[in-house]
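>>> Have a look at this prediction, sequence included:
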Number of protein chains: 2
Amino acid sequence: MNTSRRVVLGSLGVLAASTNLAASATAETLPGIHQPGIASHSPGQDHTYFAAFDLTTSKRADLVGLFRAWTDASQNLMRGETTDGDSLESLDYAPARLSITFGFGAGLFAADKFGLENSRPPALIDLPRFPGDELDPARTGGDLSVQACADDPQVAFHAVRQLARLANGVATLRWTQTGYVSRPKAAATPRNLMGFKDGTRNVDTTNPAEMARFVWVGNEGPDWMQGGSYLVIRRIRMALEHWDTTKVAFQEQTMGRTKHDGAPIGGHGEFATPDFNATDANGNYKIAETSHVRMAAPEMNNGMKILRRPYSYNDGSNVTAERWPPWREGLEYDAGLVFIAYQRDPRTGFVQIFKKMSRMDMLNQFTTHTGGGLFAIPPGITRGGYLGQKLLES
Amino acid sequence: MNTSRRVVLGSLGVLAASTNLAASATAETLPGIHQPGIASHSPGQDHTYFAAFDLTTSKRADLVGLFRAWTDASQNLMRGETTDGDSLESLDYAPARLSITFGFGAGLFAADKFGLENSRPPALIDLPRFPGDELDPARTGGDLSVQACADDPQVAFHAVRQLARLANGVATLRWTQTGYVSRPKAAATPRNLMGFKDGTRNVDTTNPAEMARFVWVGNEGPDWMQGGSYLVIRRIRMALEHWDTTKVAFQEQTMGRTKHDGAPIGGHGEFATPDFNATDANGNYKIAETSHVRMAAPEMNNGMKILRRPYSYNDGSNVTAERWPPWREGLEYDAGLVFIAYQRDPRTGFVQIFKKMSRMDMLNQFTTHTGGGLFAIPPGITRGGYLGQKLLES
């Protein structure tokens, strides 16, 4: 082994990567009417790496260049191949069902940037401030979003890392977030860090009519968004130390479900339809009026559903102040939920539902939203095309 | 379902937990001459949750109470059972090969605390400050350590969370750190976030003579430490953005190994013994004088080995300043290595090896030690006994 052999190997690596890029037009992975990573990941893809980017250019040509490079690289990555200049930490690793989902924040449509100010979809609103919001600007917003989901955390991070490198000089990382799903022995609903099953009632991703109604943008959207969706992400810290001091009966009342089997209060089994009209001997609702499950239910939101794809996050611990007596300050877990939801229109989806929940949901005393964003998720990339092509060439 | 049924269920839960506690004396999991989680985890246990605690009591009885409670709870947890007051986020989850490893920091032996000042082992030194150290006090030290390792991240965190709850009023969290190992398709050496295979040369945990020589405390230690070990943990941030801009040939020179197959420079295949004497046509060492593999090699350290059990960590990104031109400040990955090493004596182990490496290792320009600690790991808990019993009853 000597330097010259290493150099030759290096060149071969570049050659191989170039061949992959050339072959990308024939890839089956990405082209489609929807982007991957929305309808398609349960129960695999138990790890995610989410990244928001800020654009540092105002040149449309830079943007097109970036989106072309991201398109090619993402197709290679989803096939388990390397990219040009790859950092190789997932070399010889399984493709791990990697999906990469791109999104556009409001900043992309800012005036005096790329000439896209008239293309901003009305649904890509500025999210209102909700009661209790403690959004850290350093964890909020961004001009572009990239979410990688995979069976393996290193494969997910690897993907974003290659895309971030390819963005050099055009976009820089604004914030990032890791997440995971941990699953019980049987193929059952996973528990979140509050110890409750999370995901029992959700949009059925195998039901095209439900997906069309609640998730995919239809004729109402601008042409370049049809088949796309809107992503709302919220980093929700859970006050686990406080939660753990409360009684299970109280937790169940707060949630509106039992902790062990996840049944709605008064119902039998996790998948029983909650009876929101049932009352106890005193005439009180069995599922409390401000319980989490009631506040979030389609029955209480004009039938509205959003597709939730939550991950837990665990960023260790840091100093925080409690929001309850005796208002201690000290080290607490920085752990909770990466709430991720896809919807056809955030105005009638997340915003409508959360406007009420953020004021009344009993669970709020244990949760703090510390970051997040809203991103327009364009449809799948057409064969031979590139990310956002319809938007940029319209 | 009504409140009274929930209360009954709750009481049954407590009863069941108590029964488990009573049964712990017959457990096969924990009692042994060594604690679990040191010799026994590869290639499973790909997730870790490490926690350091500060004691908030000076009463020896509190300490004994905590160590008894931790002993009972840890045995339940390692069997996949719940503890009294369990937060249940791993209910119905597989035990996931959970191991819990307890350690004692120097603070336990402080004067005017528990009367243990004369029991501090000479090997439990105050670590010297090494060149380049940027240890954050909020991520460094601690009176006690708990490391949970498991196949599942939620099971590992769940274990520490129960133990932290049981420490209420006696000890509080000081710092915590998550970590993971991600593995290639074949049963091969995992790659770390620099893209290199990590762990090729290590103490052979299946070789009792090697373990006795390098890892387990022998007759030289105080009686209560025999069969124990010493844990050095270092949170090592990697400058991945910078690393990714360097050429593979340079990276290989820095590491002293090839990136693709992990072979020592000049050798064939990952497991070839590095030839540290081989020179090139110019008379320079093929494996560079200050390459990482040479600096760390037993051949260059009087035959000394330490048992490394590294995890990668990925805490997203935050603002940091680069240590190289043009000294940019900006958002960078907060990701790297949770370096964990077990050794018979840190003075001849980590300190001896790292004293030289911290000055000369070429890899240092891409790594920053941002936290860590040294903990005495007592031997396994005897049947019916409790953590640290020999120390506290001597």
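Everything's here; your move.
>>> could you give me the average pLDDT of stretch A:378-394?
Averaging pLDDT along stretch A:378-394 gives 93.
>>> Do me a favour and get the end-to-end distance for it?
Taking CA to CA, to the nearest Å as the measure, stretch A:378-394 stretches 14 Å from start to finish.
>>> Buried residues, that stretch. List them.
Using 16 or more other CB atoms under 10 Å in any protein chain shown as the burial criterion, the residues of stretch A:378-394 that qualify are A:Pro378, A:Pro379, A:Gly380, A:Ile381, A:Gly385, A:Tyr386, A:Leu387, A:Gly388, A:Gln389, A:Lys390, A:Leu391, A:Leu392. (Glycine included, C-beta is placed from N, CA and C.)
>>> Closest one of the residues you listed to chain B?
A:Leu387 (22.0 Å; CB to the nearest CB).
>>> could you say which helix or strand contains the residue lying closest to the closest one once chain neighbours are set aside?
Spatial nearest neighbour of A:Leu387, chain neighbours left out: A:Phe67 (4.1 Å); criterion: CB to CB, 6 or more residues apart in numbering or on different chains. Using DSSP states H and E, the element containing A:Phe67 is helix A:60-78.
>>> Tell me how far that helix lies from the chain's centre.
Relative to the centre of its chain, helix A:60-78 is centred 21 Å away, using CA atoms, centre = their mean, to the nearest Å.
>>> swap in stretch A:121-138?
The chain centroid and the centroid of stretch A:121-138 are separated by 15 Å under CA atoms, centre = their mean.
>>> Any idea how far apart the tips of that stretch sit?
With CA to CA as the measure, stretch A:121-138 spans 25 Å from end to end.
>>> what does it rub up against?
Where contact means CB atoms under 8 Å, 6 or more residues apart in numbering or on different chains, the residues beyond stretch A:121-138 that reach it are A:104-106, A:109, A:175, A:217, A:221-222, A:225, A:230, A:232, A:345-347, A:351, A:354-355, A:358-359, A:364, A:368-374, A:376, B:318-319.
>>> Quick check: next helix or strand after the lowest-mean-pLDDT helix or strand in chain A?
Least confident helix or strand of chain A, by mean pLDDT, DSSP states H and E, is helix A:3-23 with a mean of 32. Sequence-wise, the next helix or strand beyond helix A:3-23 is strand A:47-55, with elements assigned using DSSP H and E.
>>> what's the distance between that following strand and the middle of its chain?
Averaged C-alpha coordinates place strand A:47-55 at 10 Å from its chain's average position (CA atoms, centre = their mean).
>>> tell me which strands and helices it is in contact with?
Judged by 3 or more CB pairs under 8 Å, 6 or more residues apart in numbering or on different chains; DSSP states H and E, strand A:47-55 is in contact with strand A:144-150, helix A:153-166, strand A:171-180, strand A:329-343.
>>> Restrict that strand to CA atoms and write it as CSV.
Output in CSV follows, covering the C-alpha atoms of strand A:47-55 (Å, rounded to 0.1, in the frame of the first residue of the first chain):
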residue,chain,number,x,y,z
HIS,A,47,-34.8,6.6,12.7
THR,A,48,-35.0,10.0,11.3
TYR,A,49,-32.7,12.9,10.7
PHE,A,50,-34.4,16.2,9.9
ALA,A,51,-32.6,19.3,8.7
ALA,A,52,-33.7,22.8,7.8
PHE,A,53,-31.5,24.9,5.6
ASP,A,54,-31.1,28.6,5.0
LEU,A,55,-30.3,29.7,1.4
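>>> Neighbouring strands - and their directions - for it?
Strand A:47-55 pairs in its sheet with strand A:144-150 (antiparallel), strand A:171-180 (antiparallel), by DSSP bridges.
>>> and these, which is most packed in?
Per-stretch averages of neighbours, counted by mean count of other CB atoms under 10 Å in any protein chain shown, single out strand A:144-150 among the strands paired with strand A:47-55, with a mean of 28.
>>> by how many degrees do that one and helix A:153-166 diverge?
150 degrees (axes from the mean of the first three to the mean of the last three CA atoms, to 10 degrees).
>>> now strand A:144-150: mean pLDDT?
Looking at strand A:144-150 alone, the average pLDDT works out to 97.
>>> that older thread, what about the contacts of stretch A:121-138, which are in strands?
Among those, the residues falling in strands (DSSP state E) are A:104, A:175, A:230, A:232, A:368-374, A:376, B:318-319.
>>> Please convert the residues you listed to TSV, extending it with distance to A:Asn282.
Supplementary listing: the ones in strands among the contacts of stretch A:121-138 in TSV, determined by distance: CB to CB, whole Å:
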residue	distance to A:Asn282
A:Phe104	51
A:Trp175	47
A:Tyr230	42
A:Val232	38
A:Thr368	33
A:His369	34
A:Thr370	38
A:Gly371	41
A:Gly372	39
A:Gly373	43
A:Leu374	42
A:Ala376	48
B:Asn318	51
B:Val319	54
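>>> Going by distance to A:Ala212, which of these wins?
The nearest member of these to A:Ala212, counting by CB to CB, is A:Tyr230 at 14.6 Å.
>>> Buried residues, the helix holding A:Phe67. List them.
Per 16+ other CB under 10 Å, helix A:60-78 contains these buried residues: A:62-78.
>>> likewise stretch A:364-375?
A:Asn364, A:Phe366, A:Thr367, A:Thr368, A:His369, A:Thr370, A:Gly371, A:Gly372, A:Gly373, A:Leu374, A:Phe375.
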